[in-house]
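Q: return atomic coordinates for the entry below.
(one chain, ligands or ions: 1)
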Amino acid sequence: MVGHYWLRSPKLAPNSFLRLQIENTLEAVFQFANDVISGKIKPPAPAERFTQILSVGIGGSALGPQFVAEALAPDNPPLKIRFIDNTDPAGIDHQIAQLGPELATTLVIVISKSGGTPETRNGLLEVQKAFREAGLEFAKQGVAITQENSLLDNTARIEGWLARFPMFDWVGGRTSEMSAVGLLPAALQGIDIKEMLAGAALMDEANRTTVVKNNPAALLALCWYWATDGIGSKDMVVLPYKDSLLLFSRYLQQLVMESLGKEFDLDGNRVNQGISVYGNKGSTDQHAYIQQLREGVHNFFVTFIEVLRDRPPGHDWELEPGVTCGDYLFGMLHGTRSALYANDRESISVTVQEVTPRSVGALVALYERAVGIYASLVNINAYHQPGVEAGKKAAGEVLALQKRVLAVLNEASCKEPVEPLTLEEVADRCHASEDIEMIFKIIAHMAANDRAIIAEGSCGSPRSIKVFLGECNVDELYA
Ligand SMILES: O=P(O)(O)OC[C@H]1O[C@](O)(CO)[C@@H](O)[C@@H]1O
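A: Numbering: from 1, shown residues only. Got it, this is the predicted structure:
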């Protein structure tokens, strides 16, 4: 069941149970955000108010909130937001270090539909450790957004976190911006989420007409089909001419590529569909890669996102007679569009009046629907991601192999004297001779992190390496 459209029009939900689920969650989001902003819900004393949000999540549980924060957060939001969206320890340390003493007034929102994504789990464990080290009680500052009874939900319930919000199984991660996933962080930053929902609902309405010429999403999907021959033969370069829309292309990258990048069509034929998406913003990119777009390999089409309003009213001034800074941006967009066209490079232009919660909601809804329509045109399922599982499974296998490598090295390192092993010896003892390159990678990584000692040779010449562990773990030996 695919129901993200009901999130902004609950009355369209197929039954009253689902409608109430949506409405109650929305109400809970409003209430909680208002209470946090007003200081009714506060961190443990002596802190008076929450000042920061640390969002922990990945993929669809991060990209929408990141895009919306960059696009719409006011200059001085009631709570500022930062993100942990990876299992990169240095990245996590950086976010926590940047919070500094404000960790005591940070609301940690852990977002995971499945509630079991390893990167998110690791982020949570790292943040909880930072809380312990700072003498803070995580549960009093933790919020979970996840499906009912997921691992994360159960953890949050058992540990008594400050709040829990549901994610619904009929909303996919990459289409979850209008669920609690996107709305709670937005509301806490003082963004008008009612307007976001209204913009999305209006766009959905427009996209329901069967008159193709009046249906923005159908037109967009047909443009993609035209531009890529319906087989993804060209890449989509997304260029918003507005700094605040910088992350739109990154957001769209998941929405489009995870939805359309499929090996099989609905009839089981191998089709290897998809459209590659990249981009950044104009006019910045004109001084980077537009040279190639104009003159180089013709493997793309551009989407210009044009924003008519340059600045809030009353702030504009002319830096030359009759010309504002925004006029330059306008000129750059249309100049580039014409120059590309003159060289047979096609583009789509999407124009919005200004960047507001309403127009951002509408943009999200436009692309969500265009992806759905395009998927129908090319006869694929836009709402699953079987390919992602292969990488996850392989990552699990790497970690399992690492455990075996560690056990072998531990055994050799517990000997008297210690027995340094070559890569071949490690691979043999792990019964994984065919995985010798991976074993080399594992050892190089452990050595770089002071968890293994290279006795001889260097990682530059793998055959010369002899390796052992710095410490022998006798308990593990007999485990
Ligand atoms: O919200 P979750 O369940 O943590 O998943 C995060 C992301 O991981 C994916 O499942 C891909 O691995 C995405 O579809 C999803 O947005």
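Q: got the domain ranges for this protein?
A: Per the record, the chain has its domains at 4-191, 196-384, 387-476, by the TED database.
Q: what segments of the stretch 1-150 of the chain are helices?
A: Defined through DSSP state H, counting those that start in this stretch, the helices belonging to the stretch 1-150 of the chain, from first to last, are 16-38, 63-72, 89-99, 118-133.
Q: next structured bit after the helix ranked longest in the chain?
A: Determined from DSSP state H, the single longest helix within the chain is helix 386-413. Sequence-wise, the next helix or strand beyond helix 386-413 is helix 423-429, with elements assigned using DSSP states H and E.
Q: report all helices and strands that that next one contacts.
A: For helix 423-429, the helices and strands in contact under the criterion 3 or more Cβ pairs under 8 Å, 6 or more residues apart in numbering; DSSP states H and E are helix 386-413, helix 436-448. Any C-beta I mention is one placed from the backbone N, CA and C, and that applies to glycine too.
Q: among these, which comes closest to the ligand?
A: In terms of Cβ to the nearest ligand atom, the element of the helices and strands packed on helix 423-429 nearest to the ligand is helix 386-413, at 3.9 Å.
Q: that closest one: how far from the chain's middle?
A: Distance of helix 386-413 from the chain centroid (Cα atoms, centre = their mean, to the nearest Å) equals 25 Å.
Q: for stretch 214-233, what is the average pLDDT?
A: Here stretch 214-233 scores 98 as its mean pLDDT.
Q: can you put the helices and strands packed on helix 423-429 in JSON lines and add distance to the ligand, mean pLDDT and mean neighbour count?
A: As requested, those are exported to JSON lines (distance: least, Cβ to the nearest ligand atom, whole Å; pLDDT from 0 to 100; neighbours: other Cβ atoms under 10 Å):
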{"stretch": "helix 386-413", "distance to the ligand": "4", "mean pLDDT": "93", "mean neighbour count": "15"}
{"stretch": "helix 436-448", "distance to the ligand": "22", "mean pLDDT": "95", "mean neighbour count": "17"}
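Q: hang on, the earlier thing: tell me which of the helices of the stretch 1-150 of the chain is the most buried.
A: Taking mean count of other Cβ atoms under 10 Å as the contact definition, the stretch among the helices of the stretch 1-150 of the chain with the greatest mean neighbour count is helix 63-72, which reaches a mean of 24.
Q: what about that one, near the ligand?
A: No: shown here: helix 63-72 not in contact with the ligand (Cβ under 6 Å from any ligand atom), separated by at least 7.8 Å.
Q: for that helix, packing partners?
A: The helices and strands touching helix 63-72, judged by 3+ Cβ pairs under 8 Å, 6+ apart, are strand 80-84, helix 180-188, helix 248-260, helix 357-377.
Q: of all the ones you listed, which one is nearest the ligand?
A: Closest approach to the ligand among these (Cβ to the nearest ligand atom): helix 248-260, 5.7 Å.
Q: that closest one to helix 386-413, inter-axis angle?
A: Relative orientation of helix 248-260 and helix 386-413, computed by axes from the mean of the first three to the mean of the last three Cα atoms, to 10 degrees: 100 degrees.
Q: what packs against helix 248-260?
A: When contacts are defined as 3+ Cβ pairs under 8 Å, 6+ apart, helix 248-260 packs onto helix 63-72, strand 235-240, strand 277-279, helix 357-377.
Q: around the ligand, pick out the residues from the stretch 151-300 of the chain.
A: The stretch 151-300 of the chain has residues 173-174, 258 near the ligand, with proximity defined as Cβ under 6 Å from any ligand atom.
Q: in the chain, what spans have low per-residue confidence?
A: Residues of the chain that meet the criterion pLDDT under 70 lie in 479.
Q: can you redo the helices and strands packed on helix 63-72 as a markdown table with mean neighbour count and distance to F67?
A: Supplementary listing: those in a markdown table, determined by neighbours: other Cβ atoms under 10 Å; distance: least, Cβ to Cβ, whole Å:
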| stretch | mean neighbour count | distance to F67 |
| --- | --- | --- |
| strand 80-84 | 20 | 11 |
| helix 180-188 | 28 | 9 |
| helix 248-260 | 22 | 4 |
| helix 357-377 | 23 | 8 |
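Q: nearest to S114, out of these?
A: Counting by Cβ to Cβ, S114 lies closest to helix 180-188 out of those; the figure is 12.4 Å.
Q: which one of the helices and strands packed on helix 248-260 lies nearest to L308?
A: Between L308 and the helices and strands packed on helix 248-260, the shortest separation by Cβ to Cβ is 10.2 Å, and it involves helix 357-377.
Q: just to revisit the earlier point, what's the closest of the helices and strands packed on helix 63-72 to V68?
A: Across the helices and strands packed on helix 63-72, the minimum distance to V68, taken as Cβ to Cβ, is reached by helix 180-188, at 5.3 Å.
Q: residues in contact with the very next helix or strand once past that closest one?
A: For helix 180-188, the succeeding helix or strand toward the C-terminus, using DSSP H and E, is helix 193-206. For helix 193-206, the surrounding residues in contact (Cβ atoms under 8 Å, 6 or more residues apart in numbering) are 5, 7-9, 29-30, 68, 178, 182-183, 186-187, 214-217, 356-366, 369.
Q: for the helix or strand following helix 193-206, buried residues please.
A: In the C-terminal direction, the helix or strand that comes right after helix 193-206 (DSSP H and E) is helix 216-228. Judged by neighbour count using 16 or more other Cβ atoms under 10 Å, the buried positions of helix 216-228 are 216-225, 227-228.
Q: on contacts alone, who are the packing partners of helix 216-228?
A: Under the contact criterion of 3+ Cβ pairs under 8 Å, 6+ apart, the helices and strands touching helix 216-228 comprise helix 193-206, strand 300-307, strand 347-352, helix 357-377.
Q: what about it, distance to the chain center?
A: On Cα atoms, centre = their mean, the centre of helix 216-228 falls 25 Å from that of its chain.
Q: kindly calculate the angle that that helix makes with helix 193-206.
A: Helix 216-228 runs at 70 degrees relative to helix 193-206, counting by the same axes, to 10 degrees.
Q: just the CA coordinates for helix 216-228, please, in CSV.
A: C-alpha atoms of helix 216-228 as CSV (Å, rounded to 0.1, in the frame of the first residue of the first chain):
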residue,chain,number,x,y,z
PRO,A,216,2.4,19.2,-14.0
ALA,A,217,3.6,15.8,-12.8
ALA,A,218,2.5,14.1,-16.0
LEU,A,219,4.2,16.7,-18.1
LEU,A,220,7.4,16.4,-16.1
ALA,A,221,7.3,12.6,-16.4
LEU,A,222,6.7,12.8,-20.1
CYS,A,223,9.6,15.3,-20.4
TRP,A,224,11.9,12.7,-18.7
TYR,A,225,10.6,10.0,-21.0
TRP,A,226,11.3,12.2,-24.0
ALA,A,227,14.7,13.3,-22.8
THR,A,228,15.9,9.8,-21.9
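Q: tabulate the helices and strands packed on helix 423-429 (JSON lines), appending distance to A163.
A: Below are the helices and strands packed on helix 423-429 laid out as JSON lines (distance: least, Cβ to Cβ, whole Å):
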{"stretch": "helix 386-413", "distance to A163": "29"}
{"stretch": "helix 436-448", "distance to A163": "38"}
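Q: tell me which of these lies nearest to K140.
A: Ranking the helices and strands packed on helix 423-429 by proximity to K140 (Cβ to Cβ) places helix 386-413 first, at 32.5 Å.
Q: could you give the angle of the closest one to helix 118-133?
A: Going by the same axes, to 10 degrees, helix 386-413 makes 60 degrees with helix 118-133.
Q: same for helix 386-413, what does it pack against?
A: With contacts defined as 3+ Cβ pairs under 8 Å, 6+ apart, the secondary structure elements packing on helix 386-413 are helix 423-429, helix 436-448, strand 466-468, helix 474-477.
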